[in-house]
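>>> the sequence and its predicted three-dimensional model are supplied below.
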Amino acid sequence: MMKNILFIAFFLLSVSAFSQVETLERIGQTRMSASSCVEWDSLNNRIIVGAGAIVKIYDATNINDIFLVSQRPLKGYINEMALYGDTLFVAATHDGVYALDYMSDELDVLDWYDMHDEGVKGAYDMYAYDDTVYIADNIQVRILTYHNGSFTYQTTFGPLNSIAVARRNNIIAVGNRGLFGGTISLYDAQNLTTPLATWQNAKIWYLMDVDFADLNDSIIYVCGGPENILNVSSVFYALYYDGANLNMVDSLYIGGGLPGYAQVNIMNMTSKNDTLFLATTAANNFPTSIYTIMPILDATGLPNDTMLDLGFINAGLWHFDAAVMHGTDYMAIASEWLGTMITDISQLNPLDTLSFHTTGGWTNNCFAIGDTLYASQEGDGMYVYSIDSLMTTNSFMNDAILAHWENGGFNSAALYLNDSLLLMSTGDIWNVRPWKQGGNAYLDRETNMSYVEMELVETNLGDRIIGTWSTIDSNFIDMYDPYTATSFITDVICRDTSNNSLWALESAGDTIYYGKEIDSVMYLVAMKVENDQFTLIDTIHFGEQIHAIDIEGSRIAVGTQQSVYELGWNGNEMQVNNSFFDVNFVVRDIDLKNGYYYIADKFYGAQVVDMSAGAVAAKYIGSEGWLNLFGSTSVFVRDDGLILLSDYHAGTFIVEKFDSTLIPQGIERPDNPEKGVFVYPSPADQFITVLPDAKFHGNMVFSVFDLTGRLITRFKKSDCEAFNINTSLYQDGTYVYSLRAPDGNRYTGKFVVKH
């Protein structure tokens, strides 16, 4: 029976006193994400990688033995990195700009310029010119200076929608986007009021980057981004500034993309004496090459001669950035699915790839069983972590990965079929029993059944997988037997071909719930799975796209873009019992736990809704996405209340518990009883006392960090006598300490300061 229910939501219902919203803290984070930004440090022979929101540093002194030396997870997508002596500047979108101690074991935070809560503004591009840092923030360009370990804001300039910036000597180039075309503006560094010259073009409406030539300060390169909204072509431009005018002198057009599948986007470049290598995302020249390519151009003749086509480099599927490793014959490439690639460019041969260094994949989903975290990572399969090892109280370099079950497909979810077999959404079934017994899991078989969201349903004919998938213009729901299926074409038992919700799917017993479009109107449907058929039980009208569903007991939680609903059964009919609306919500997932509604908000992280109070009770601000894309993907609340928030770029955030009444089921890993160091009192006011274990003899380093990872103080000593640290100037809050013992081990913990 179809019913129409009128949902009337008042803005005031979503507004609660701001002081009543508890702010939750990040207490851990995974450290694997797709390689997306890369730089080269020729002085120390190091490759600096931005893997989503994680900074990774590799030692490449021996090209045949490249290894990770340090890493640090941040919260925002890393757009740009630059070295200033031993300080590494990192532009991390809404997470702002970091100054990291480049040579420290943990990439200690020296300073942090926070850009959260600035709306559409973020650190989208960065150019460091000595101690001056230019940030294109998607609105204008702001200037920071860095001195004595601190950033200082100076001023803001440039046109609206500024997205790219570079400087050469006294000239600053700024690129801004526009609906009808982008613009390149040149400024005198001593006069930022009026541009010296501008150049506009409709095809750079979504431009990605600007840079100066290596050998000619008057040549400016423009990475044009997608030529139009189809993302199937892109243009690279070379401009010439003659002292009065800025004009195009040459360009390169690349097409051949597939709408919705293979994007062509010239987004970055690297160069060696004006031999240019263009990062094109997914451009190819099929059938000459089945791989994506990086075109190579000789631009040494500009502006008098045109650029010469020198061929291409195979870039390993989708790629976003590259860095010529100056002083060597090699180049590093940031490849989405293959990690950081090292290729020999001495002969400019397409297939001279030397090695791949896995950094992870984009995170779509996660779940936990006890202390074990399972993360579905697009393009890289499944990572399994020890949650305890991911805590910020541990070293970022500790080995937190328990297993990695590789798959190069769009892995968006996973579930256990039984206690031995784990199914990925790509269709791979892994037998993990040997791994649980101390050995290695193995690929049991490939079903060739690839889906976006999945649920395991117990039916009268046995277990069935219900999965969602899509084409460019429609979404579908399939049913299949996971134990016998081998073909997507022949082994689908039943299919709902209506335009269904792609991510919103939940099961309870033999009943599944999902969003379904009927006569161009969206409904929540309850279907019984019986005799290998979908049997409609009930529908309820929503009128808007359903993004998330979860069930706890008799409660059904449903999330649309800006609303959360509590439904239940009244006899054989579903009914709405309560609802909560927030104009700022962008709901992407729900976990209903102990009556609280945990929301994965695309831009604003984890939100905990207390439906009975009609308010957001707690929140954790996540990455806030990248422009209007990406951000939070899923939320999972462990039995003891620990919150696991997956983010497309940042991996999985481990967020402190909100609901203290939850009791863990099963055995959680206990704390290490060996303290190693005692810190008291907590809470502290004027000072803390630090007492190392009496067995320590030799050099020790005691460090204190705030919860953002910023180094507050560092104290060195060579004996085990107690010492005091003045906390009178510390702000109220929680702090993390780390003692590096003489044997190299680290002992960590937390203390609270309250004045």
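That came through, no problem.
>>> so which residues of the stretch 1-150 of the chain form helices?
Along the stretch 1-150 of the chain, no stretch is classed among the helices by DSSP state H, counting those that start in this stretch.
>>> correction: the previous question concerned the stretch 151-300 of the chain.
Counting by DSSP H, counting those that start in this stretch, the stretch 151-300 of the chain contains no helices.
>>> so for stretch 722-739, what gets flagged as buried?
Going by neighbour count (16 or more other CB atoms under 10 Å), the buried part of stretch 722-739 is 725, 727, 730, 734-739. All C-beta spots, glycine's among them, are computed from the backbone N, C-alpha and C.
>>> residue ranges of each domain in this structure, please.
As assigned by automatic domain parsing, the chain contains the domains 158-314, 361-655, 677-753.
>>> so for the longest one, what's the average pLDDT?
Mean per-residue pLDDT for domain 361-655: 95.
>>> centre of the chain versus it, how much separation?
Distance of domain 361-655 from its chain centroid, counting by CA atoms, centre = their mean, to the nearest Å, is 18 Å.
>>> could you do stretch 715-729 as well?
Worked out by CA atoms, centre = their mean, stretch 715-729 lies 38 Å from the chain centre.
>>> among the buried residues of stretch 722-739, which lie within strands?
725, 734-739 (DSSP state E).
>>> what's the most distant pair in these?
T734 and L739 (17.4 Å; CB to CB).
>>> looking at the ones in strands among the buried residues of stretch 722-739, spot the one nearest N394.
S738 (9.0 Å).
>>> which stretches of the stretch 151-300 of the chain have low pLDDT?
Counting by pLDDT under 70, the stretch 151-300 of the chain shows no low-confidence range.
>>> name the residues that touch stretch 101-121?
55, 57, 70-72, 83, 86-88, 93-100, 122-123, 137-139, 144, 146, 149-151, 153, 395-397, 621, 624, 627, 703, 705, 708-711 (CB atoms under 8 Å, 6 or more residues apart in numbering).
>>> same question, stretch 721-731
Contacts of stretch 721-731 (CB under 8 Å, 6+ apart): 684-692, 702, 704, 712-713, 715, 717, 753, 755.
>>> one more time with 6 Å, if that's ok
684, 686-691, 753 (CB atoms under 6 Å, 6 or more residues apart in numbering).
>>> for that stretch, list the C-alpha coordinates in PDB.
What follows is stretch 721-731, C-alpha atoms only, in PDB (Å, rounded to 0.1, in the frame of the first residue of the first chain):
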ATOM      1  CA  GLU A 721      65.100  11.400  37.500                       C
ATOM      2  CA  ALA A 722      61.700  13.100  37.600                       C
ATOM      3  CA  PHE A 723      61.300  16.500  36.000                       C
ATOM      4  CA  ASN A 724      58.600  19.100  35.700                       C
ATOM      5  CA  ILE A 725      57.200  20.900  32.600                       C
ATOM      6  CA  ASN A 726      55.400  24.200  33.000                       C
ATOM      7  CA  THR A 727      51.900  24.000  31.700                       C
ATOM      8  CA  SER A 728      50.700  27.400  33.000                       C
ATOM      9  CA  LEU A 729      50.500  28.800  29.500                       C
ATOM     10  CA  TYR A 730      48.900  25.800  27.900                       C
ATOM     11  CA  GLN A 731      45.300  26.200  26.800                       C
END
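>>> so for this protein, the centremost residue is which one?
H649 (0.9 Å; CA atoms, centre = their mean).
>>> surely V90 and E80 touch.
No - counting by CB atoms under 6 Å, V90 does not reach E80; the two are 7.8 Å apart.
>>> which one's more surrounded, the two?
Applying other CB atoms under 10 Å to V90 and E80 shows that V90 carries more neighbours, namely 28 against 25.
>>> S42: neighbouring residues, count only.
The number of residues near S42, taken as other CB under 10 Å, comes to 12.
>>> return the distance of stretch 104-117 from the chain's centre.
With CA atoms, centre = their mean, you get 17 Å for stretch 104-117.
>>> now do the end-to-end distance for it.
30 Å (CA to CA, to the nearest Å).
>>> what mean pLDDT does it get?
95.
>>> what of stretch 706-719?
78.
>>> that one: which residues count as buried?
Quick answer for stretch 706-719 (16+ other CB under 10 Å): 706, 708-709, 711-712.
>>> name the surrounding residues that touch it.
By CB under 6 Å, 6+ apart, stretch 706-719 touches 25, 108-109, 112, 699-705, 734-735.
>>> can you give me the distance of T340 to V38?
Applying CB to CB, to the nearest Å, the value for T340 to V38 is 6 Å.
>>> list residues touching both of the two?
By the contact definition CB under 6 Å, 6+ apart, T340 and V38 are jointly contacted by 49, 332.
>>> between those two, who's got more neighbours?
Counted by other CB under 10 Å, T340 and V38 do not tie: V38 has more neighbours, with 29 against 26.
>>> mind listing what the more buried one touches?
V38 touches 49, 321, 323, 332, 334, counting by CB under 6 Å, 6+ apart.
>>> which residues sit in contact with T270?
So T270 contacts 277, 322-324 (CB under 6 Å, 6+ apart).
>>> just L276 next, same as before
269, 297, 299.
>>> and for V635?
V635 touches 589, 591, 598, 600, 606, 645, counting by CB under 6 Å, 6+ apart.
>>> which one of those sits closest to F356?
Taking the contacts of V635 together and measuring to F356 by CB to CB, the closest member is L645, at 29.1 Å.
>>> for A92, which residues are in contact?
A92 makes contacts with 74, 76, 78, as judged by CB under 6 Å, 6+ apart.
>>> so what are the sheet partners of the host helix or strand of D309 and their directions?
In this structure, D309 is located in strand 308-314 according to DSSP states H and E. Looking at strand 308-314 with DSSP bridges, its partner strands are strand 293-298 (antiparallel).
>>> now do the partner strand: distance to the chain's middle.
The answer for strand 293-298 is 29 Å, by CA atoms, centre = their mean.
>>> which outside residues touch it?
275-278, 283-285, 307-308, 310-313, 315, 348.
>>> pull that strand out as CSV, backbone CA atoms only.
Coordinates of each C-alpha in strand 293-298 appear next as CSV, following Å, rounded to 0.1, in the frame of the first residue of the first chain:
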residue,chain,number,x,y,z
ILE,A,293,49.7,8.7,-21.1
MET,A,294,51.8,11.8,-20.2
PRO,A,295,52.6,13.8,-23.3
ILE,A,296,56.2,15.1,-23.6
LEU,A,297,56.8,18.5,-25.2
ASP,A,298,59.9,20.4,-26.1
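>>> show me where the stretch 251-400 of the chain has its strands.
Using DSSP state E, counting those that start in this stretch, the strands found in the stretch 251-400 of the chain span residues 264-272, 275-281, 293-298, 308-314, 319-325, 330-335, 339-344, 353-357, 362-369, 372-378, 381-386.
>>> for those, which one sits closest to T560?
So among these, strand 362-369 is nearest, using CB to CB, at 19.9 Å.
>>> packing partners for that closest one?
Judged by 3 or more CB pairs under 6 Å, 6 or more residues apart in numbering; DSSP states H and E, the packing partners of strand 362-369 are strand 372-378, strand 632-637, strand 643-647, strand 651-655.
>>> output those strands as a markdown table; include the columns distance to V529.
A markdown table is the format used below for these (distance: least, CB to CB, whole Å):
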| stretch | distance to V529 |
| --- | --- |
| strand 372-378 | 24 |
| strand 632-637 | 24 |
| strand 643-647 | 28 |
| strand 651-655 | 31 |
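>>> what is the nearest of the contacts of L276 to L524?
M269 (48.1 Å).
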